[in-house]
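J.: 3D, please:
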Amino acid sequence: MAQSTGAEPQENTDWVSRFADDVIAESERRAPGKPVVVASGLSPSGPIHLGNLREVMTPHLVADEIRRRGYTVRHLISWDDYDRYRKVPAGVAGVDASWAEHIGKPLTSVPAPAGSAHPNWAEHFKAAMSEALDQLGVEYDGISQTEQYTSGVYREQVLFAMKHRGDIDAVLAQYRTKPKTQKKSQKPLDEAELEAAEGSGAAAEDDGSGSGAEYFPYKPYCGTCEKDLTTVTSYDDDTTKLSYVCQCGHTETVRLSEYDRGKLVWKVDWPMRWAYEGVIFEPSGVDHSSPGSSFQVGGQIVGIFGGKQPIGPMYAFVGISGMAKMSSSKGGVPTPADALQIMEPQLLRWLYARRKPNQSFKIAFDQEIQRLYDEWDKLEAKVADSTVLPADQSAWSRAVRTAGRELPRTPRPLPYRTLASVADITAGHEDQALRILSDLDPANPLASLDEARPRLDRAEAWINTQVPADQRTVVRDEPDAGLLGSLDDQARDSLRLLLEGLDEHWSLDGLTHLVYGVPKVQAGFSADATPKELPPEIKVAQRTFFALLYQLLVSRDTGPRLPTLLLAVGADRVRKLLGA
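T.: I've put the predicted structure just below:
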């Protein structure tokens, strides 16, 4: 491990700092003087979803904290692109049932989805994740398991595993007859969550048993059909001659000391890598943490390879608000790229940083994203005026910058809900958007929409991709003569008061004061009266007034916040639609 540059460790105010302490201490015990090694594993078997992102963000945040303290860290991401193609994901563009003919091949031997610019299936899905990780500021060393195996990097490890297959089999045998039980603290997993749990290398939790009379921890890919539908029939330790038969009918005898078209089965492959790379820290999902699972069994098998199991937490699932529950086999699976379309990298980093790994949380694709952005903006305000709590300060700091750089920021971070409303109403007309956003604060108008970007672009993407067409805002072209003609005196008076105050209150704050103040004035109170000074019926009168304005402006009972809507419509058009 590289020596510290003298930077003092941060006060242990959050889970990241506490794990960093443990990892540094463990690395000093196991590998003094060497870089700290943390690891993640991702299988590009389909869209890599936001649950898989926790596999990366947990060690990333810990590695980044260790870097901040002046140590050298390697964050390995093993791309499990030599895993078998195990099923055809539903909903992936250009993929139909004909792709089933590739089941059993390495992911790097499967053609990319139709229209892809990438050479194979694995590279197609790795590319989207790699781009998202770059936006998120994740620094890592990517390792292709296809390259590792086919170039012979693991040859000695493969031969070692075959030589010690009896020892490995003895460990695995302890668990084969034990039923897997679910931890009481873990809520029952439904089918979609179990599908989502099929992460890196975990397909069927394969241990190589059941393939023949003798146990072999190695699975060749067939030299004819390229699939792993093979059974090892014999192996000689001295000559390393291995014979196998494939379901396609092909048989072959090879010399394993020269053969690189196959891999160790998953429950042996994972601990082998821990030992080979000297991994100190790697989290695991709940799918890897039950009795007999790969993480638990790997903790014993890694000793056969002369290594130790990494330390690291079990991490909980990441849910989705507003989209179908994540499943790696179904179409429409929310990915980091999907999230980064509608939110800035800082917000997405913050969602992972502020919750302990064993705490589940949801990423919002629905209206909840507006509340999350409000919460984020309040946090930034507390950071600015030094009223923030230490743990919240730590989460914010980890969200906005890494040890190496600060993530790009929006120069004028206007409220997300306001930007979304403007994007909704203006439907891509930039001159109209600039006019409205400049009216939010007439004393300090925007000189260009670039000042509100990239947050404006994210809000616009949210409107265009996540808000159903029937919920979009369409401003009326002509007044609703029927509704205007049916109003009673009180309703007409409320419209008069609003119209009389438009010019004087033409800003976001001013119009907010005006629309809430009209019902107060009508009831005989001051427009400045606080809720505590008002009877409950004022709230009812306000809701009635708001519903009337929405009906007259957009022919619905609800819509964007009224002050934003009024600014968007413009004073002259507001007067026309309200019957002035």
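J.: What's the first helix or strand after the helix or strand of the chain with the lowest mean pLDDT?
T.: Every helix and strand in the chain was compared by mean pLDDT, DSSP states H and E; the lowest is helix 191-196, with a mean of 42. Once helix 191-196 ends, the next helix or strand along the chain (criterion: DSSP states H and E) is strand 218-220.
J.: Show me which residues of whichever helix or strand comes after that next one are buried.
T.: Using DSSP H and E, the next helix or strand after strand 218-220 towards the C-terminus is strand 230-235. Burial within strand 230-235, assessed by neighbour count using 16 or more other Cβ atoms under 10 Å, is assigned to 230, 232-233, 235. For the C-beta atoms, the positions are set from N, CA and C on the backbone; glycine is no exception.
J.: what are the pairing partners of the helix or strand following strand 230-235, and which direction each?
T.: Next in sequence after strand 230-235, counting helices and strands by DSSP H and E, comes strand 241-246. Strand 241-246 has its sheet partners listed here by DSSP bridges as strand 230-235 (antiparallel), strand 251-255 (antiparallel).
J.: I'd like to know which of the ones you listed lies nearest to Gly104.
T.: strand 230-235 (9.2 Å; Cβ to Cβ).
J.: Next up, the contacts around Trp99.
T.: Counting by Cβ atoms under 8 Å, 6 or more residues apart in numbering, Trp99 touches 88, 110.
J.: ok so, going back, please identify which of the strands paired with strand 241-246 is closest to Ala364.
T.: Checking the strands paired with strand 241-246 against Ala364 by Cβ to Cβ gives strand 230-235 as the closest, at 45.7 Å.
J.: And Asp207, how close does it get to Ser293?
T.: 10 Å (Cβ to Cβ, to the nearest Å).
J.: Where does the closest residue to Gly278 other than its chain neighbours sit: helix, strand or coil?
T.: Using Cβ to Cβ, 6 or more residues apart in numbering and skipping the chain neighbours, the partner closest in space to Gly278 is Val37 (5.2 Å). Following DSSP: H, G, I helix; E, B strand; the rest coil, Val37 is assigned to strand.
J.: hmm, back to that, between the strands paired with strand 241-246, which gets nearest to Leu508?
T.: Among these, the nearest to Leu508 by Cβ to Cβ is strand 230-235 (67.3 Å).
J.: So what touches that closest one?
T.: Residues contacting strand 230-235 (Cβ under 8 Å, 6+ apart): 162, 211-212, 214, 216, 218-222, 241-247, 256.
J.: And stretch 405-419, by the same measure?
T.: For stretch 405-419, the surrounding residues in contact (Cβ under 8 Å, 6+ apart) are 137, 344-346, 349, 369-370, 373-374, 377, 380, 400-401, 437, 440, 446, 450-456, 458-460, 508, 561, 564.
J.: Tell me, how many residues neighbour Asp96?
T.: If you count neighbours by other Cβ atoms under 10 Å, Asp96 ends up with 9.
J.: So what does it have for phi and psi?
T.: Dihedral pair for Asp96: phi -130, psi -170, per degrees, to the nearest 10.
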